[in-house]
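*Asks:* sequence and predicted structure below; questions after.
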Amino acid sequence: MPSLADMIASYTAYHRDWRNRATHFIGVPAIAFAILIPMTWLRADLGGGREGSLAMAFVIVVLGFYVAIDRPMALLATIVFVPMLAVAERIGTLPLSTGLTVFGICFVGGWAFQLIGHALEGRRPALVDNVMQIFVAPLFLIAEVVFALGLRHDLRDEVAARLPHHRDPGKGDGAAG
């Protein structure tokens with residue numbers, strides 16, 4: 001399995017322009033939230049009067065993947081995903097038309113932001129080359145915040161060392177965060 005630094009560097013290579021990265025702070029969470037909504041409609045009895053959804057299972061698996069990669073980043077992802085899951089679960093209990101509307105707005109709106117960012121950068125989305133990048137996107141955003149706060153210098157330096165060292169004027173600063 002590639003390291004977290006490898007994954008973030010690969011994702012960063014598609015997101016060098018600050019405007020593209022900025023649009024992803026809206027688009028990625030919107031899309032992640034949107035896909036959880038229909039997953040809440042698929043439910044199973046867990047026994048003892050408890051029920052679970054595909055959304056719950058999905059979040060557990062994704063967070064488990066993040067734990068395997070980097071525990072501190074997985075903890076930060078948990079802080080983001082658990083409330084997102086709770087809201088999606090609540091929306092999943094509303095009338096189907098409401099859930100579909102929220103899903104549609106978030107999913108289409110999220111992709112619109114993503115594609116605008118990539119148009120500004122002039123580069124296609126990372127998932128076109130590797131669909132697994134969809135699981136890296138949230139970690140990329142968390143890393144961007146962590147780096148901006150001056151934390152995880154080790155990871156920031158590892159990511160930077162894996163990036164091509166060129167700078168296109170008007171295309172962002174070429175740094176990982």
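*Replies:* Yep, that arrived.
*Asks:* could you pull up the residues touching the residue lying farthest from the centre of the chain?
*Replies:* Distance from the centre of the chain peaks at Gly48, with 33.4 Å (C-alpha atoms, centre = their mean). Residues counted as contacts of Gly48 (C-beta atoms under 8 Å, 6 or more residues apart in numbering): none. Every residue, glycine included, has its C-beta placed from N, CA and C.
*Asks:* could you do Ala5 as well?
*Replies:* So, once contact is read as C-beta under 8 Å, 6+ apart, Ala5 ends up touching 155, 158-159, 161-162.
*Asks:* please tell me how far it sits from Gly49.
*Replies:* Per C-beta to C-beta, to the nearest Å, Ala5 is found 44 Å from Gly49.
*Asks:* now name the helix or strand holding Gly150.
*Replies:* Counting by DSSP states H and E, no helix or strand carries Gly150.
*Asks:* just the helices from this protein, written as ranges.
*Replies:* Ranges of helices in the chain, per DSSP state H, are 4-12, 18-40, 54-69, 71-92, 96-121, 133-148, 153-162.
*Asks:* right, and those helices - which one's nearest Leu127?
*Replies:* helix 133-148 (4.5 Å; C-beta to C-beta).
*Asks:* quick one: contacts of that closest one?
*Replies:* 4, 7-8, 10-12, 14-15, 21, 24-25, 28-29, 32, 62, 65-66, 69-70, 73, 76-77, 80-81, 125-127, 152, 155-156, 159, 176-177.
*Asks:* are any of the residues you listed buried, and which?
*Replies:* 4, 7-8, 10-12, 14-15, 21, 24, 28-29, 32, 62, 66, 69-70, 73, 76-77, 81, 125-127, 152, 155-156, 159, 176-177 (16 or more other C-beta atoms under 10 Å).
*Asks:* for the most centrally placed residue in the chain, give me the pLDDT.
*Replies:* Among the residues of the chain, the one closest to the centroid is Pro138, at 2.3 Å (C-alpha atoms, centre = their mean). Per-residue pLDDT puts Pro138 at 95.
*Asks:* do Gly47 as well
*Replies:* For Gly47, pLDDT reads 89.
*Asks:* cool, and the one 4 residues further on?
*Replies:* Glu51 is assigned 94 on the pLDDT scale.
*Asks:* pretty sure it is touching Trp41, no?
*Replies:* No. Counting by C-beta atoms under 8 Å, no contact exists between Glu51 and Trp41, whose distance comes to 11.9 Å.
*Asks:* between those two, tell me which one has more neighbours.
*Replies:* Neighbours per residue (other C-beta atoms under 10 Å) separate Glu51 from Trp41, with Trp41 holding more: 13 against 10.
*Asks:* need the contact list for the more buried one.
*Replies:* Going by C-beta under 8 Å, 6+ apart, the list of residues near Trp41 reads 53, 92, 99.
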